[in-house]
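Peer 1: Got a sequence here, can you build the structure:
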Amino acid sequence: MPEYTLQSDYASVIAIDQHARSVTACALDLASGETRTGRLSGCPSAGDILEWSSWTGEPRRFVYESGPCGFQLARDLAALGQRCDVIAVTSIPRSAADRRFKDDRGDAESLLCAVTAQNSKCRAVHVPSEEAEAARDLARAYYDLVSATTRLKMQFSAILLRHGHVWNERTASGRLRSTWTDDYVSWASSISLGNPAADGALREYREGVLDGIERCRRAKAGLVELSETPRFKPYVDALSRLKGVDRVTALTFTATVDDFSRFRSGRRVSSYFGLTPGRHSSGERGCRNGAMSKAGDATVRKAVVEGLSSISSCNGRQKALPKGCRVSAAVEAEAIRCNQRNARRYRDLVGAGKKANVAKIAVAKELVREMWVLGLMVQRELEAGAL
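Peer 2: You can find the predicted model right below:
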(Lines give C-alpha, C1' and ligand atoms only; values in the text may rest on other atoms or scores of the structure.)
Protein backbone atom coordinates (compact mmCIF):
# COMPACT_ATOMS: atom_id res chain seq x y z
CA MET A 1 0.00 0.00 0.00
CA PRO A 2 2.53 2.67 -1.13
CA GLU A 3 2.06 6.34 -0.38
CA TYR A 4 1.61 7.36 -4.02
CA THR A 5 -1.37 5.01 -4.37
CA LEU A 6 -3.10 6.59 -1.40
CA GLN A 7 -2.41 10.14 -2.56
CA SER A 8 -3.49 9.55 -6.15
CA ASP A 9 -6.59 7.46 -5.52
CA TYR A 10 -7.90 8.79 -2.20
CA ALA A 11 -8.39 12.19 -0.61
CA SER A 12 -8.23 10.94 3.00
CA VAL A 13 -7.25 7.92 5.07
CA ILE A 14 -8.94 6.92 8.32
CA ALA A 15 -7.19 4.40 10.58
CA ILE A 16 -9.43 2.69 13.14
CA ASP A 17 -8.59 0.92 16.38
CA GLN A 18 -11.69 -1.19 16.96
CA HIS A 19 -12.92 -2.75 20.19
CA ALA A 20 -16.17 -4.40 21.21
CA ARG A 21 -17.83 -1.23 22.56
CA SER A 22 -15.64 1.62 21.34
CA VAL A 23 -13.70 2.84 18.33
CA THR A 24 -10.74 5.20 18.17
CA ALA A 25 -10.15 6.74 14.75
CA CYS A 26 -7.25 8.77 13.43
CA ALA A 27 -7.99 10.57 10.15
CA LEU A 28 -5.64 12.26 7.70
CA ASP A 29 -6.83 14.62 4.98
CA LEU A 30 -4.20 14.18 2.27
CA ALA A 31 -5.00 17.49 0.55
CA SER A 32 -4.61 19.75 3.61
CA GLY A 33 -2.41 17.47 5.74
CA GLU A 34 -4.79 17.95 8.69
CA THR A 35 -4.99 15.10 11.19
CA ARG A 36 -7.65 14.49 13.83
CA THR A 37 -8.17 11.73 16.36
CA GLY A 38 -11.50 10.91 18.01
CA ARG A 39 -13.10 8.26 20.17
CA LEU A 40 -16.61 6.90 19.69
CA SER A 41 -18.25 4.95 22.51
CA GLY A 42 -21.46 2.98 22.93
CA CYS A 43 -20.88 0.32 20.25
CA PRO A 44 -20.60 2.75 17.32
CA SER A 45 -21.79 1.59 13.90
CA ALA A 46 -20.17 2.06 10.51
CA GLY A 47 -22.55 4.98 9.94
CA ASP A 48 -21.32 6.66 13.13
CA ILE A 49 -17.71 6.32 12.00
CA LEU A 50 -18.54 7.67 8.56
CA GLU A 51 -20.37 10.64 10.11
CA TRP A 52 -17.38 11.41 12.36
CA SER A 53 -15.06 11.44 9.33
CA SER A 54 -17.34 13.69 7.27
CA TRP A 55 -14.87 16.58 7.63
CA THR A 56 -12.34 14.73 5.45
CA GLY A 57 -12.30 14.83 1.67
CA GLU A 58 -13.72 12.13 -0.56
CA PRO A 59 -13.01 9.45 -1.62
CA ARG A 60 -12.01 8.00 1.73
CA ARG A 61 -10.06 4.87 2.59
CA PHE A 62 -10.70 3.20 5.95
CA VAL A 63 -8.25 0.73 7.47
CA TYR A 64 -8.18 -1.29 10.68
CA GLU A 65 -6.05 -4.15 11.89
CA SER A 66 -7.19 -7.75 11.88
CA GLY A 67 -8.33 -9.13 15.19
CA PRO A 68 -11.19 -10.59 17.19
CA CYS A 69 -13.75 -8.12 15.81
CA GLY A 70 -13.57 -9.82 12.42
CA PHE A 71 -14.73 -8.39 9.10
CA GLN A 72 -18.19 -7.03 9.85
CA LEU A 73 -17.06 -3.41 10.04
CA ALA A 74 -15.39 -3.72 6.63
CA ARG A 75 -18.59 -5.17 5.16
CA ASP A 76 -20.73 -2.45 6.75
CA LEU A 77 -18.50 0.33 5.40
CA ALA A 78 -18.49 -1.31 1.96
CA ALA A 79 -22.31 -1.34 2.06
CA LEU A 80 -22.13 2.43 2.60
CA GLY A 81 -19.98 2.79 -0.52
CA GLN A 82 -16.66 3.16 1.30
CA ARG A 83 -13.37 1.33 0.74
CA CYS A 84 -12.16 -0.46 3.86
CA ASP A 85 -9.08 -2.67 4.16
CA VAL A 86 -8.36 -5.04 7.03
CA ILE A 87 -4.60 -4.93 7.63
CA ALA A 88 -2.78 -8.06 8.78
CA VAL A 89 -1.66 -7.30 12.31
CA THR A 90 1.61 -9.18 11.74
CA SER A 91 2.55 -6.77 8.93
CA ILE A 92 2.25 -3.61 11.06
CA PRO A 93 5.66 -2.49 12.39
CA ARG A 94 5.81 -2.02 16.15
CA SER A 95 8.49 -0.01 17.93
CA ALA A 96 9.72 -0.70 21.44
CA ALA A 97 7.81 2.38 22.60
CA ASP A 98 4.59 1.01 21.08
CA ARG A 99 5.00 -2.19 23.09
CA ARG A 100 5.77 -0.40 26.36
CA PHE A 101 3.12 2.32 26.12
CA LYS A 102 0.01 0.90 24.48
CA ASP A 103 -3.31 2.71 24.20
CA ASP A 104 -6.08 3.02 21.62
CA ARG A 105 -5.03 6.46 20.40
CA GLY A 106 -1.44 5.35 19.92
CA ASP A 107 -2.54 2.21 18.06
CA ALA A 108 -4.70 4.21 15.65
CA GLU A 109 -1.94 6.75 15.01
CA SER A 110 0.65 3.98 14.48
CA LEU A 111 -1.61 2.24 11.98
CA LEU A 112 -2.15 5.48 10.07
CA CYS A 113 1.60 6.09 9.91
CA ALA A 114 2.23 2.52 8.79
CA VAL A 115 -0.25 2.51 5.90
CA THR A 116 0.71 5.98 4.61
CA ALA A 117 4.46 5.42 4.82
CA GLN A 118 6.39 5.25 1.57
CA ASN A 119 7.17 1.61 0.67
CA SER A 120 4.75 0.47 3.37
CA LYS A 121 4.90 -3.26 4.09
CA CYS A 122 1.36 -3.40 5.45
CA ARG A 123 -0.72 -6.12 3.81
CA ALA A 124 -4.49 -6.17 3.46
CA VAL A 125 -6.04 -9.54 4.29
CA HIS A 126 -8.76 -11.10 2.19
CA VAL A 127 -12.27 -10.29 3.39
CA PRO A 128 -14.22 -13.52 2.88
CA SER A 129 -17.79 -13.74 1.74
CA GLU A 130 -20.33 -14.26 4.50
CA GLU A 131 -21.11 -17.74 3.14
CA ALA A 132 -17.46 -18.78 3.20
CA GLU A 133 -16.93 -17.32 6.67
CA ALA A 134 -19.95 -19.21 8.02
CA ALA A 135 -18.59 -22.49 6.61
CA ARG A 136 -15.17 -21.74 8.10
CA ASP A 137 -16.75 -21.04 11.49
CA LEU A 138 -18.53 -24.39 11.44
CA ALA A 139 -15.30 -26.17 10.45
CA ARG A 140 -13.40 -24.49 13.28
CA ALA A 141 -16.17 -25.43 15.71
CA TYR A 142 -15.87 -29.06 14.60
CA TYR A 143 -12.10 -29.19 15.04
CA ASP A 144 -12.35 -27.39 18.40
CA LEU A 145 -14.88 -29.98 19.55
CA VAL A 146 -12.59 -32.80 18.40
CA SER A 147 -9.67 -31.30 20.35
CA ALA A 148 -11.78 -30.77 23.47
CA THR A 149 -13.18 -34.32 23.31
CA THR A 150 -9.72 -35.80 22.81
CA ARG A 151 -8.50 -33.97 25.89
CA LEU A 152 -11.44 -35.29 27.93
CA LYS A 153 -10.68 -38.84 26.75
CA MET A 154 -7.10 -38.50 27.96
CA GLN A 155 -8.25 -37.12 31.31
CA PHE A 156 -10.71 -39.98 31.71
CA SER A 157 -8.01 -42.56 30.98
CA ALA A 158 -5.64 -40.80 33.37
CA ILE A 159 -8.02 -40.94 36.34
CA LEU A 160 -8.64 -44.64 35.66
CA LEU A 161 -4.90 -45.29 35.48
CA ARG A 162 -4.29 -43.51 38.77
CA HIS A 163 -6.74 -45.93 40.40
CA GLY A 164 -5.30 -49.02 38.74
CA HIS A 165 -7.89 -49.60 35.98
CA VAL A 166 -6.57 -50.22 32.45
CA TRP A 167 -8.49 -51.26 29.34
CA ASN A 168 -6.75 -54.35 28.02
CA GLU A 169 -9.37 -56.22 25.97
CA ARG A 170 -7.87 -57.90 22.91
CA THR A 171 -9.12 -59.29 19.61
CA ALA A 172 -8.59 -62.93 18.61
CA SER A 173 -5.39 -61.87 16.85
CA GLY A 174 -4.09 -60.18 20.02
CA ARG A 175 -4.71 -56.63 18.91
CA LEU A 176 -5.94 -54.13 21.52
CA ARG A 177 -9.62 -53.31 21.03
CA SER A 178 -10.64 -49.74 20.31
CA THR A 179 -11.77 -47.46 23.10
CA TRP A 180 -15.10 -45.66 23.34
CA THR A 181 -17.01 -48.45 21.65
CA ASP A 182 -20.16 -49.83 23.28
CA ASP A 183 -18.08 -52.51 25.04
CA TYR A 184 -15.62 -49.92 26.34
CA VAL A 185 -18.38 -47.64 27.62
CA SER A 186 -20.06 -50.59 29.39
CA TRP A 187 -16.74 -51.53 31.00
CA ALA A 188 -16.00 -47.95 32.04
CA SER A 189 -19.52 -47.48 33.45
CA SER A 190 -19.16 -50.56 35.65
CA ILE A 191 -16.06 -49.26 37.44
CA SER A 192 -16.34 -47.92 40.97
CA LEU A 193 -13.39 -46.16 42.53
CA GLY A 194 -14.63 -46.70 46.06
CA ASN A 195 -15.09 -43.03 46.89
CA PRO A 196 -18.14 -40.86 46.10
CA ALA A 197 -16.00 -37.85 45.11
CA ALA A 198 -13.78 -39.91 42.82
CA ASP A 199 -16.81 -41.66 41.30
CA GLY A 200 -18.38 -38.25 40.69
CA ALA A 201 -15.26 -37.02 38.89
CA LEU A 202 -15.15 -40.20 36.77
CA ARG A 203 -18.84 -39.81 35.88
CA GLU A 204 -18.40 -36.20 34.80
CA TYR A 205 -15.45 -37.07 32.56
CA ARG A 206 -17.30 -40.02 31.02
CA GLU A 207 -20.46 -38.04 30.32
CA GLY A 208 -18.38 -35.18 28.96
CA VAL A 209 -16.68 -37.52 26.48
CA LEU A 210 -19.95 -39.10 25.36
CA ASP A 211 -21.54 -35.68 24.91
CA GLY A 212 -18.47 -34.47 23.01
CA ILE A 213 -18.58 -37.49 20.67
CA GLU A 214 -22.21 -36.75 19.85
CA ARG A 215 -21.51 -33.05 19.27
CA CYS A 216 -18.58 -33.93 16.98
CA ARG A 217 -20.85 -36.24 15.02
CA ARG A 218 -23.48 -33.51 14.57
CA ALA A 219 -20.91 -30.92 13.52
CA LYS A 220 -19.31 -33.29 11.02
CA ALA A 221 -22.72 -34.19 9.58
CA GLY A 222 -23.41 -30.47 9.16
CA LEU A 223 -20.11 -30.01 7.30
CA VAL A 224 -20.82 -32.95 5.00
CA GLU A 225 -24.28 -31.55 4.28
CA LEU A 226 -22.79 -28.12 3.58
CA SER A 227 -20.27 -29.67 1.19
CA GLU A 228 -23.18 -30.79 -1.01
CA THR A 229 -24.48 -27.25 -1.56
CA PRO A 230 -23.94 -25.66 -5.01
CA ARG A 231 -21.47 -23.11 -3.59
CA PHE A 232 -19.00 -25.72 -2.35
CA LYS A 233 -19.74 -29.04 -4.07
CA PRO A 234 -17.67 -28.53 -7.27
CA TYR A 235 -14.61 -27.61 -5.20
CA VAL A 236 -15.09 -30.33 -2.58
CA ASP A 237 -15.59 -32.98 -5.28
CA ALA A 238 -12.32 -31.97 -6.93
CA LEU A 239 -10.17 -31.54 -3.82
CA SER A 240 -11.35 -34.79 -2.25
CA ARG A 241 -9.90 -36.67 -5.24
CA LEU A 242 -6.51 -36.18 -3.57
CA LYS A 243 -5.41 -38.89 -1.15
CA GLY A 244 -5.36 -37.65 2.42
CA VAL A 245 -8.16 -35.16 1.74
CA ASP A 246 -11.70 -36.05 2.82
CA ARG A 247 -14.80 -33.93 2.27
CA VAL A 248 -14.46 -32.12 5.60
CA THR A 249 -10.85 -31.12 4.89
CA ALA A 250 -11.76 -30.11 1.34
CA LEU A 251 -14.62 -27.92 2.58
CA THR A 252 -12.43 -26.34 5.28
CA PHE A 253 -9.76 -25.49 2.72
CA THR A 254 -12.29 -24.10 0.22
CA ALA A 255 -14.01 -21.94 2.84
CA THR A 256 -10.68 -20.59 4.08
CA VAL A 257 -9.31 -19.75 0.63
CA ASP A 258 -12.71 -18.51 -0.65
CA ASP A 259 -11.29 -17.01 -3.86
CA PHE A 260 -8.62 -19.27 -5.37
CA SER A 261 -7.42 -16.57 -7.78
CA ARG A 262 -6.18 -14.37 -4.92
CA PHE A 263 -2.95 -16.40 -4.70
CA ARG A 264 -0.38 -15.83 -7.43
CA SER A 265 1.67 -18.98 -6.86
CA GLY A 266 1.73 -22.25 -4.95
CA ARG A 267 4.62 -20.93 -2.85
CA ARG A 268 2.33 -18.23 -1.47
CA VAL A 269 -0.28 -20.87 -0.60
CA SER A 270 2.09 -23.03 1.44
CA SER A 271 3.45 -19.90 3.11
CA TYR A 272 -0.09 -18.72 3.94
CA PHE A 273 -0.79 -21.96 5.78
CA GLY A 274 2.52 -21.94 7.65
CA LEU A 275 4.03 -24.96 5.88
CA THR A 276 7.26 -23.28 4.80
CA PRO A 277 10.44 -23.07 6.90
CA GLY A 278 11.23 -19.92 8.83
CA ARG A 279 14.34 -17.86 8.10
CA HIS A 280 16.91 -16.13 10.27
CA SER A 281 19.85 -14.35 8.68
CA SER A 282 21.90 -11.35 9.71
CA GLY A 283 25.26 -9.98 8.65
CA GLU A 284 27.59 -12.64 7.29
CA ARG A 285 25.55 -15.42 8.77
CA GLY A 286 22.59 -16.62 6.75
CA CYS A 287 20.55 -19.70 7.47
CA ARG A 288 17.08 -21.10 7.07
CA ASN A 289 15.40 -22.59 10.09
CA GLY A 290 14.13 -26.06 9.28
CA ALA A 291 11.03 -25.71 11.49
CA MET A 292 7.69 -24.70 9.96
CA SER A 293 6.76 -21.08 10.37
CA LYS A 294 3.25 -22.13 11.55
CA ALA A 295 1.87 -18.83 10.30
CA GLY A 296 -1.64 -18.39 8.97
CA ASP A 297 -4.60 -20.68 9.43
CA ALA A 298 -3.85 -23.45 11.94
CA THR A 299 -7.12 -25.32 11.31
CA VAL A 300 -6.33 -26.15 7.69
CA ARG A 301 -2.69 -26.94 8.49
CA LYS A 302 -3.69 -29.39 11.21
CA ALA A 303 -6.38 -31.03 9.06
CA VAL A 304 -4.01 -31.52 6.12
CA VAL A 305 -1.17 -32.93 8.24
CA GLU A 306 -3.49 -35.31 10.10
CA GLY A 307 -5.03 -36.42 6.81
CA LEU A 308 -1.61 -37.67 5.71
CA SER A 309 -1.30 -40.07 8.65
CA SER A 310 -1.60 -43.04 6.25
CA ILE A 311 0.78 -41.67 3.61
CA SER A 312 3.32 -44.40 4.43
CA SER A 313 0.95 -47.06 3.08
CA CYS A 314 -0.22 -45.03 0.09
CA ASN A 315 -0.20 -46.98 -3.16
CA GLY A 316 -0.29 -45.81 -6.74
CA ARG A 317 -3.99 -46.52 -7.27
CA GLN A 318 -6.43 -43.64 -7.60
CA LYS A 319 -9.25 -43.15 -5.12
CA ALA A 320 -12.58 -44.66 -6.11
CA LEU A 321 -15.03 -42.07 -7.41
CA PRO A 322 -17.91 -41.83 -4.90
CA LYS A 323 -21.48 -41.79 -6.11
CA GLY A 324 -22.61 -38.26 -6.99
CA CYS A 325 -19.05 -36.92 -7.23
CA ARG A 326 -18.47 -35.12 -10.55
CA VAL A 327 -15.13 -33.77 -11.77
CA SER A 328 -13.82 -32.90 -15.19
CA ALA A 329 -11.33 -35.12 -17.01
CA ALA A 330 -8.63 -32.45 -16.60
CA VAL A 331 -9.13 -32.27 -12.82
CA GLU A 332 -9.13 -36.06 -12.50
CA ALA A 333 -5.92 -36.37 -14.52
CA GLU A 334 -4.22 -33.70 -12.40
CA ALA A 335 -5.37 -35.42 -9.18
CA ILE A 336 -3.86 -38.71 -10.37
CA ARG A 337 -0.52 -37.03 -11.09
CA CYS A 338 -0.58 -35.33 -7.68
CA ASN A 339 -1.31 -38.57 -5.81
CA GLN A 340 1.49 -40.41 -7.57
CA ARG A 341 3.89 -37.53 -7.00
CA ASN A 342 3.08 -37.31 -3.26
CA ALA A 343 3.52 -41.04 -2.70
CA ARG A 344 6.82 -41.00 -4.59
CA ARG A 345 8.08 -37.94 -2.71
CA TYR A 346 7.34 -39.49 0.67
CA ARG A 347 9.14 -42.70 -0.25
CA ASP A 348 12.14 -40.82 -1.61
CA LEU A 349 12.47 -38.64 1.49
CA VAL A 350 12.20 -41.57 3.90
CA GLY A 351 14.59 -43.56 1.73
CA ALA A 352 17.08 -40.68 1.91
CA GLY A 353 17.06 -40.90 5.71
CA LYS A 354 14.50 -38.24 6.59
CA LYS A 355 12.27 -38.90 9.60
CA ALA A 356 8.73 -39.96 8.79
CA ASN A 357 7.18 -36.81 10.30
CA VAL A 358 9.58 -34.55 8.41
CA ALA A 359 8.67 -36.30 5.17
CA LYS A 360 4.98 -35.97 5.98
CA ILE A 361 5.29 -32.22 6.50
CA ALA A 362 7.13 -31.92 3.18
CA VAL A 363 4.26 -33.73 1.46
CA ALA A 364 1.72 -31.53 3.29
CA LYS A 365 3.45 -28.45 1.86
CA GLU A 366 3.00 -29.87 -1.63
CA LEU A 367 -0.55 -31.03 -0.90
CA VAL A 368 -1.91 -27.56 -0.07
CA ARG A 369 -0.41 -26.28 -3.32
CA GLU A 370 -2.07 -29.10 -5.24
CA MET A 371 -5.41 -28.38 -3.55
CA TRP A 372 -5.05 -24.77 -4.65
CA VAL A 373 -4.27 -25.83 -8.23
CA LEU A 374 -7.34 -28.07 -8.40
CA GLY A 375 -9.53 -25.39 -6.84
CA LEU A 376 -8.25 -22.83 -9.33
CA MET A 377 -9.03 -25.21 -12.19
CA VAL A 378 -12.58 -25.66 -10.90
CA GLN A 379 -13.04 -21.90 -10.42
CA ARG A 380 -11.96 -21.23 -14.01
CA GLU A 381 -14.25 -23.99 -15.28
CA LEU A 382 -17.17 -22.45 -13.40
CA GLU A 383 -16.37 -18.98 -14.78
CA ALA A 384 -16.23 -20.40 -18.29
CA GLY A 385 -19.53 -22.23 -17.79
CA ALA A 386 -17.93 -25.64 -18.29
CA LEU A 387 -19.51 -26.99 -15.08
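Peer 1: all helices of the protein, in order?
Peer 2: Ranges of helices within the chain are 3-9, 46-52, 72-79, 96-100, 104-116, 130-162, 182-189, 196-226, 233-239, 247-257, 266-272, 298-307, 329-351, 356-383, based on DSSP state H.
Peer 1: closest to residue 32 out of those helices?
Peer 2: Minimum separation from residue 32 across those (CB to CB) falls at helix 3-9, 12.6 Å. Bear in mind the C-beta positions are built from the backbone N, C-alpha and C, glycine included.
Peer 1: what pLDDT, on average, does stretch 22-31 get?
Peer 2: If you average the pLDDT over stretch 22-31, you get 94.
Peer 1: For the helices of the chain, could you give me JSON lines that also reports mean neighbour count, mean pLDDT and distance to residue 65?
Peer 2: Compiled in JSON lines, these are given as follows (neighbours: other CB atoms under 10 Å; pLDDT from 0 to 100; distance: least, CB to CB, whole Å):
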{"stretch": "helix 3-9", "mean neighbour count": "12", "mean pLDDT": "52", "distance to residue 65": "17"}
{"stretch": "helix 46-52", "mean neighbour count": "17", "mean pLDDT": "96", "distance to residue 65": "15"}
{"stretch": "helix 72-79", "mean neighbour count": "17", "mean pLDDT": "96", "distance to residue 65": "11"}
{"stretch": "helix 96-100", "mean neighbour count": "9", "mean pLDDT": "79", "distance to residue 65": "12"}
{"stretch": "helix 104-116", "mean neighbour count": "20", "mean pLDDT": "92", "distance to residue 65": "6"}
{"stretch": "helix 130-162", "mean neighbour count": "16", "mean pLDDT": "96", "distance to residue 65": "18"}
{"stretch": "helix 182-189", "mean neighbour count": "13", "mean pLDDT": "96", "distance to residue 65": "47"}
{"stretch": "helix 196-226", "mean neighbour count": "15", "mean pLDDT": "97", "distance to residue 65": "30"}
{"stretch": "helix 233-239", "mean neighbour count": "25", "mean pLDDT": "96", "distance to residue 65": "30"}
{"stretch": "helix 247-257", "mean neighbour count": "26", "mean pLDDT": "96", "distance to residue 65": "20"}
{"stretch": "helix 266-272", "mean neighbour count": "19", "mean pLDDT": "92", "distance to residue 65": "18"}
{"stretch": "helix 298-307", "mean neighbour count": "20", "mean pLDDT": "93", "distance to residue 65": "19"}
{"stretch": "helix 329-351", "mean neighbour count": "16", "mean pLDDT": "94", "distance to residue 65": "37"}
{"stretch": "helix 356-383", "mean neighbour count": "20", "mean pLDDT": "95", "distance to residue 65": "26"}
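Peer 1: Out of these, flag the one nearest residue 17.
Peer 2: helix 104-116 (4.2 Å).
Peer 1: same for the closest one, what does it pack against?
Peer 2: helix 3-9, strand 12-18, strand 22-29, strand 35-41, strand 60-65, strand 83-87, helix 96-100 (3 or more CB pairs under 8 Å, 6 or more residues apart in numbering; DSSP states H and E).
Peer 1: can you put the ones you listed in TSV and add distance to residue 189?
Peer 2: Shown next, in TSV, are those (distance: least, CB to CB, whole Å):
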stretch	distance to residue 189
helix 3-9	66
strand 12-18	49
strand 22-29	51
strand 35-41	54
strand 60-65	50
strand 83-87	50
helix 96-100	53
